[in-house]
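Undergrad: next come a sequence and a model predicted from it.
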Amino acid sequence: MRILIQITLMMIVAITCSGFTWGKSGEQNCKDAKELVTNQQMKNPVSLPVDLENKVNKLCPGGIAQKYLEGMKFELGNEIDRAIPIYENIIQTDTQFPDAHGRLGLLHLARNNKTAAMVSLTKALEYGGTNPRYHFALAELLSETQAYPLALYYYEKSAALGRPHDVISLTGMARSYSGLKNWKEAEIPLRQALQLSPDNPALTSELARTVIRQQRLSEGIQLLKQAIALNPSDKSLHHQLAEALNATGDREASKAEAKFAGIVTENAIATYIQEGDAYLLRRDFPAAIRSYKNAVEEKATPGAYQKLGDAYLAAGNDDDALRSYQKSISISPDDAGIHYSIGIILERKGDLGGAISEYEISISLDKNKGDAHRRLADIFVLKGNLARAIAEYKNILTSAPDNPVIHFSLARAYQKSGQVSDSIKSLETAIRLDPKNLEPRRELIKLEVSRKNLSRAEKQCREILVINRDDQQERLRLIAILGKQKQYDELVEFLTEESNRYPEDGTTFYRLGIVQEFLKDYPAAKQAFLHSIEIRPSAKVYHALARTYLHTSETKKAREALFKATKLDPERQETKDLLELIDDEYGHVKIVEKKGASAAKKKKQHQKSQKNNRGNAKIEQ
C-alpha cells in the first residue's frame, strides 16, 4: 500500500508539472497564462525565467500572453522599436489589458514621447493596473506638466503598491509641493531624500531655497554653506548664497559671494537689473526693489533709478518712487518717460498743476507720447478747460485716428462744452470703431432724446438690445421712447415679445396691460394684469385691473380687486378714492350715487386723473 501511495504522489507531481489542466477550458487557460506573465513582471521586471515561455505555450499557444511575452523579451533586449508594435497589436485585440498599456507607456517615455506615455499609463491604471512603476512614471509626468495634486497622489500610490520612496520620488514630491507654494510640506520629502543621500549638494541647495521661502534666512544660509562645501566650484550655489546674504542686509558678504559666482563689477548692474525684472514680472515687489537697489549701489545710473522707481510705483509706494525718478532726472533730465512717470505720481497726489507741467515736458521731449496727451486732456476736462482738453484729444487722433476710446472721450468733452453736433459725430465714430462698446451708444441716445430725434434714439436702443438682450436700462428706455412717439402698436409688439422672453417678469405684463388699456383692448389688458398678479401681486396692478373691470361694467370684480389692493397697500389714496365710488348693497353692486358735493368732486377728480394718464400715454415704468 505504501508503494501505491508513493506512485500516486509521483503521478500527481508529474501531471501538475507537465501542464495538465484537468479539463479547464481554453479561455481559462489563456487567462491563467496571462496572469502568469503579468505576475512574473511584478516579481522581476528585468529578466524572465527559462521555463516561463514553455508554460505559456502549453497553456495558451499563440495567445495574448505569448505575444506579451515576446514584447517583454524585445523590451528586455533593449529592442524598443520592436517591442512597441507588439504591445500596440495586443491592445487592438485586448483593449483592456492594463499591463500592455502600462509597458507601452513606459516605452513611450523612454523614447521621450511624453504625451503618448501619459495616455497609455492613464489607460493602464484605468483598466486596473497595479504595477507601481506605472504610478511612479505617471507621477513624474504630471509633476512636469504642473498637475501637482495629481502628481502627489500617484507618488504616494506607487509607494503604497510596493515601490519605496527614493531620492527621485521624494524630490518629485518636493517639487510638486513647491509648485503649490506649500513650502512647509515640500521641506518634509527633501529632508527624507537627504537622509538617503546626505552628501547631495543639489538636494541641500533645494532645501535651503525651501526654508528661505519660509523666512528662515539663517538656516537657509547655513544649508547653502554646506552645499558649497560639498561642491565649491558650483557658481549657482554662490549666487544663491549671495542673494540670501543680501536679503539679510550683509552687503559685503553678498558681494564676496557674487564674485565667487562670477558676477564681476562691470556686469553686476546688468545682473541685478535682470534679477529685478524677473521678480517684477512675478509681482514679487520687495525682491525686485532689493535687486534694483543693489544695481543703484553698484553704480547710480539713471536707468537703475528708473527701474527702482518703477518697482516702487508698482508696489504702491509713490513717495519712494517719486524720489527715485527725481534722482534719475537729476542725472538725465531729457528722458520723456521718466517725466511722464513723475506726472502720474503728482496726479495721484492731487498736484494737478505739477502733473500738467511734467506731462508737457514729456510731450516736448517726445511729441508722440500719446499717453501724456491723454492724461493732460483728462486733467483739463476735470479743471473745466474744455478747449485745451479737446485740443489734446485731437492731437492724439492725428497719430491714432482709429482709437475708439479717444473718440469717446472727445465726444464727452464736446458735450460738456455744448458742442452737441460735434459730440454726436465723435460718438458715431467711436461706435463705428468699436460697435460692441455700449457706453458711446448710451451717450448718443441721451443726446438724440434731448434733441427730440426719437427715431435715431430708438435705433440705438434696439442695437444695444441686439448686443445685450438683457440690458434692463435700454429695455426701459425703449419703452419710454416708443411711448413718446405714440408708436403704440410697436410698443405692444415689443412688450409682448418681452413678456414671452421673460415670463417671470410681472412688471413687463403690467406695462403691457397699461398700454392695452390705453388702446381700449380691455380683454387683453385684463389678461396682462392677471398674469402680472399671478407672478407677483401688488396694489398697483390690482388697482389697474379694477379700472379695467369698470371699463367693461364688471363692477363687482372691480370692487374685489380694489379690496385686494387695499389689503396690500392700505395707504394707497387713489384706491381709497375709487372704492368710495362703488357700493355693494344686498349682494348687488352698482355705482354709488353720491348726493354730496364732496363725492361728486372726488369722482370728477378721479375721472380727470384717468384722462390725463391716458392722454399723455405715459407708460408706468
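TA: Alright, I've got the coordinates. Residues are numbered from 1 along each chain as shown.

Undergrad: list the contacts for Asp310?
TA: Each residue near Asp310 by CB atoms under 8 Å, 6 or more residues apart in numbering is listed here: Leu280, Ala321, Ser341. (Each C-beta comes from the backbone N, C-alpha and C, glycine too.)

Undergrad: do Pro302 as well
TA: Ser328, Ile329, Ile331, Ser332, Asp335, Ile338.

Undergrad: and the pLDDT for the closest residue to the fourth one other than its chain neighbours?
TA: This means Ser332. Once flanking residues are discounted, Ser332 sits nearest to Pro302: 3.9 Å by CB to CB, 6 or more residues apart in numbering. pLDDT for Pro302: 89.

Undergrad: just the one 3 residues further on next, same as before
TA: Predicted confidence (pLDDT) for Tyr305: 92.

Undergrad: nearest residue to it in space, ignoring adjacent ones along the chain?
TA: Spatial nearest neighbour of Tyr305, chain neighbours left out: Ser328 (3.7 Å); criterion: CB to CB, 6+ apart.

Undergrad: repeat that for Lys394.
TA: Using CB to CB, 6+ apart, the closest residue to Lys394 is Leu410 (7.0 Å).

Undergrad: burial of the one you found, as a residue count?
TA: When neighbours are counted by other CB atoms under 10 Å, Leu410 registers 26.

Undergrad: buried ones in whichever helix or strand it is part of?
TA: Under the criterion of DSSP states H and E, Leu410 resides in helix 404-416. Across helix 404-416, burial judged by 16 or more other CB atoms under 10 Å covers Pro404, Val405, Ile406, His407, Phe408, Ser409, Leu410, Ala411, Arg412, Ala413, Tyr414, Gln415.

Undergrad: tabulate the contacts of Asp310 (TSV), appending neighbour count.
TA: TSV is the format used below for the contacts of Asp310 (neighbours: other CB atoms under 10 Å):
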residue	neighbour count
Leu280	20
Ala321	23
Ser341	23
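
Undergrad: nearest to Pro570 among those?
TA: Ala321 (62.8 Å; CB to CB).

Undergrad: just the residues contacting stretch 62-78, thanks.
TA: 30, 33-34, 36-38, 41, 46-48, 52-53, 56-57, 59-60, 80, 82-83, 86-87, 89-90, 93-94, 97, 99-100, 103, 107.

Undergrad: can we see that at 7 Å?
TA: Outside of stretch 62-78, the residues within contact range by CB atoms under 7 Å, 6 or more residues apart in numbering are 30, 33-34, 36-37, 41, 46-48, 52-53, 56-57, 60, 82-83, 86-87, 89-90, 93-94, 97, 100, 103, 107.

Undergrad: could I have the buried ones of those as PyMOL selection syntax?
TA: Restricted to buried positions by 16+ other CB under 10 Å, the PyMOL selection for the contacts of stretch 62-78 reads:
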select buried, resi 30+33+34+36+37+41+48+52+53+56+57+60+83+86+87+90+94+97+100+103+107
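
Undergrad: my guess is His135 contacts Tyr153. True?
TA: No: taking contacts as CB atoms under 7 Å, His135 lies outside contact range of Tyr153: 8.9 Å.

Undergrad: following the lowest-mean-pLDDT helix or strand in the chain, which helix or strand comes up?
TA: In the chain, the helix or strand scored least confidently by mean pLDDT, DSSP states H and E is helix 2-17, which has a mean of 35. Following helix 2-17 in sequence order, the next helix or strand is helix 26-43 (DSSP H and E).
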